[in-house]
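[1] Any chance you could fold what I've pasted below:
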Amino acid sequence: MSRQDFYEVEPAEEAEAASESVEDPEEYEQVCYLCRRPERVAGKMIRIPNDISICQDCMQKTFDAMNAFSADDLPKNGKMPNIGMINLADLQGFAPFQQKIKKPKKEEKEKKAAPALDMHAIPAPHKIKASLDDYIVGQEHAKKVVSVAVYNHYKRIASDAKDGVEIEKSNMLMIGPTGCGKTYMVKTLARLLNVPLAITDATSLTEAGYIGDDIESVVSKLLAAADNDVERAEHGIIFIDEIDKIAKKRNANQRDVSGESVQQGMLKLLEGSEVEVPVGASSKNAMVPMVTVNTANILFICGGAFPDLEEIIKERLNKEASIGFRADLKDKYDGDENLLSKVLVEDVRKYGMIPEFLGRMPILFSLEALTEEMLMRVLAEPKNAIIRQYQKLLAMDEVKLEFEEGALRLIAAKAREKKVGARALRAILEEFMLDIMYEIPKDDEIGVVTITKDYIEGTGGPVITMRQGILGLSG
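    The predicted structure is shown next:
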């Protein structure tokens, strides 16, 4: 076979046009066709026809497999068993940059990572808390804890260990009833600091080898949030919600593939280790490039409602009650809605979280249950309060929306009865605002709509103020 038959010869004009249609090769690095590792991980590539790159490890494995068979071992058809060679005929027309990925630009990486590393750009704890106050009602202790922990975490990244003092990570475990603002607090924090944030759910995590997401998938989501910029992702925040769902199962008759084993697998991430994660995909496979992410500087925040944890706390507190005239009553803590504020590490360990996991979560704090007064404030005070959202929608129709204080209090009381926190507020408002949002665009003469207590109770209707006068609607 001649060289001309083996290589695909391309006319000069077509080659010149093709070179202009592709991007600058200097911006790309080779990816191994077999193991999918980039050149900076696998080392220098071996080039074969059709612009295919194979790393030296994969090439050596191929040669080793071929040398393992002698001529006597070959079957009669002359083919080696269990070895599939690359058929170049199948790769005709192979796009040259399918086997390459873009090199990260140093200038862009430094520019993106600057907000996380520049200590002058990171707000002080009191400023972080003030920004959280604009969006989150109450939870004073929780906001203070988060502000200090995040500030210290990024000071840790900016510091060096030349003096022998190495600052440890300040991973956080937050406990609070559903709808109290755990996830919303983390979202607001990441937006304020301008760092990548990945929010994932622990319910889908399973032990390696079982159906579900593996532990490293949480890092993959953070890499995607950082636009596949590894250095920026290494200074991001990962929030793992529903962390109580991976507590040790009390039924020992079946394999616990989504409980204690997941906690064990998370230890290396929380402590800090190098993890290989796929680029641009949520799962590892042969056709996706892999990059290495170091989790040493990633801040992990875990949150959960921990149902029935109050019973464990109550049991511990009742044991402290003594016998006698001054002894505490056994039912002293039955009506305490903020019993979670008295939580200790031993209570969470008894719930089912392993000691090694809790040891890597040095900051443990709880959030308060939302009272009726707090729910009223949630309705109207935050920058993006639900009422302000409806007011903005009606303002587009040149209509002003107002709420009586009695109506707000009644909405808060109804939401508190549902026991799902602030999430109930929107569901209730959607129900009462449906007819208003439907009818208002019909009449251009409507100027103001006032939601009354009677309308929320179902005994009256909203007060409609026309541009020329006032019209009260009932029923």
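[2] drop to CA atoms for contacts and neighbour counts, all remaining ones
    OK.
[3] residues contacting Asp133?
    Pro382 (Cα atoms under 8 Å, 6 or more residues apart in numbering).
[4] do that again at 10 Å, thanks
    By Cα atoms under 10 Å, 6 or more residues apart in numbering, Asp133 lies in contact with 127, 139-140, 143, 185, 381-383.
[5] helix/strand/coil for Leu269?
    helix (DSSP: H, G, I helix; E, B strand; the rest coil).
[6] what about it, how many neighbours?
    By the criterion of other Cα atoms under 10 Å, Leu269 has 21 neighbours.
[7] Most neighbours among the contacts of Asp133, which one is it?
    When the contacts of Asp133 are compared by neighbour count (other Cα under 10 Å), Lys143 ends up highest, at 23 neighbours.
[8] Distance of that residue relative to Ala380?
    As for Lys143, its distance to Ala380 is 20 Å (criterion: Cα to Cα, to the nearest Å).
[9] Nearest to Thr371 among the contacts of Asp133?
    Proximity of the contacts of Asp133 to Thr371 (Cα to Cα) peaks at Gln139, which lies at 11.3 Å.
[10] which stretches of the stretch 1-150 of the chain have low pLDDT?
    Across the stretch 1-150 of the chain, residues meeting the criterion (pLDDT under 70) sit at 1-27, 66-120.
[11] try it again with 80
    Scanning the stretch 1-150 of the chain for pLDDT under 80 picks out the ranges 1-29, 36, 40-43, 49-51, 60, 62-122.
[12] Domain map for this structure?
    As assigned by automatic domain parsing, the chain contains the domains 3-103, 108-366, 372-472.
[13] so the residue nearest to the spatial centre of the chain, which of the three states?
    Nearest residue to the geometric centre of the chain (Cα atoms, centre = their mean): Ile199, 1.3 Å. What three-state DSSP gives for Ile199 is strand.
[14] Now name the helix or strand holding the residue lying closest to it once chain neighbours are set aside.
    Spatially, and ignoring its direct neighbours in sequence, Ile199 is nearest to Phe239 (4.8 Å; Cα to Cα, 6 or more residues apart in numbering). Assessed by DSSP states H and E, Phe239 sits inside strand 237-241.
[15] CA atoms only: put that strand into CSV for me.
    Output of strand 237-241 as CSV, limited to C-alpha atoms (Å, rounded to 0.1, in the frame of the first residue of the first chain):
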residue,chain,number,x,y,z
ILE,A,237,-20.0,27.0,47.3
ILE,A,238,-21.8,23.7,47.3
PHE,A,239,-25.2,23.5,49.1
ILE,A,240,-26.5,20.0,49.8
ASP,A,241,-30.1,20.1,50.8
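[16] Please report how far the residue lying closest to Asp134 once chain neighbours are set aside lies from Val288.
    Excluding its sequence neighbours, the residue lying closest to Asp134 (Cα to Cα, 6+ apart) is Pro382, at 5.5 Å. Using Cα to Cα, we find Pro382 at a distance of 43 Å from Val288.
[17] hmm, back to that, so what strands line up beside the strand holding Phe239?
    Looking at strand 237-241 with DSSP bridges, its partner strands are strand 197-201 (parallel), strand 299-304 (parallel).
[18] I'd like the average pLDDT over the shortest one.
    In this model, strand 197-201 has an average pLDDT of 86.
[19] Show me the contact partners of it.
    By Cα under 10 Å, 6+ apart, strand 197-201 touches 183, 186-187, 189-191, 213, 217-226, 233, 235-243, 245, 299-303.
[20] Tell me how far that strand lies from the chain's centre.
    Relative to its parent chain, strand 197-201 has a centroid offset of 1 Å by Cα atoms, centre = their mean, to the nearest Å.
[21] Pull it out as CSV, backbone CA atoms only.
    C-alpha atoms of strand 197-201 as CSV (Å, rounded to 0.1, in the frame of the first residue of the first chain):
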residue,chain,number,x,y,z
LEU,A,197,-23.0,28.0,43.5
ALA,A,198,-24.2,24.4,43.1
ILE,A,199,-27.4,23.3,44.8
THR,A,200,-28.0,19.6,44.9
ASP,A,201,-30.3,17.2,46.8
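[22] so after that strand, what's the next helix or strand?
    The helix or strand immediately downstream of strand 197-201 is helix 217-225, counting by DSSP H and E.
[23] Any buried residues in the helix or strand hosting Lys129, and which?
    For Lys129, the element it lies in under DSSP H and E is helix 125-133. Residues 125, 128-129, 131-133 are the ones in helix 125-133 that count as buried (16 or more other Cα atoms under 10 Å).
[24] Could you do stretch 363-380 as well?
    Residues 363-370, 372, 374-380 are the ones in stretch 363-380 that count as buried (16+ other Cα under 10 Å).
[25] mean confidence for that stretch?
    Per-residue scores along stretch 363-380 average to 89.
[26] Grab the longest helix from the chain for me.
    Looking across the chain with DSSP state H, the single longest helix is helix 140-158.
[27] Would you mind identifying the next helix or strand past that one?
    The helix or strand immediately downstream of helix 140-158 is strand 172-175, counting by DSSP H and E.
[28] Sheet partners, orientation included, of that next one?
    strand 299-304 (parallel), strand 363-366 (parallel).
[29] CSV for these, including distance to Glu276?
    Output for those, formatted as CSV (distance: least, Cα to Cα, whole Å):
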stretch, distance to Glu276
strand 299-304, 18
strand 363-366, 28
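[30] So which of the domains of the chain is the most surrounded?
    With neighbours defined as mean count of other Cα atoms under 10 Å, the domains of the chain peak in mean count at domain 108-366, which reaches a mean of 18.
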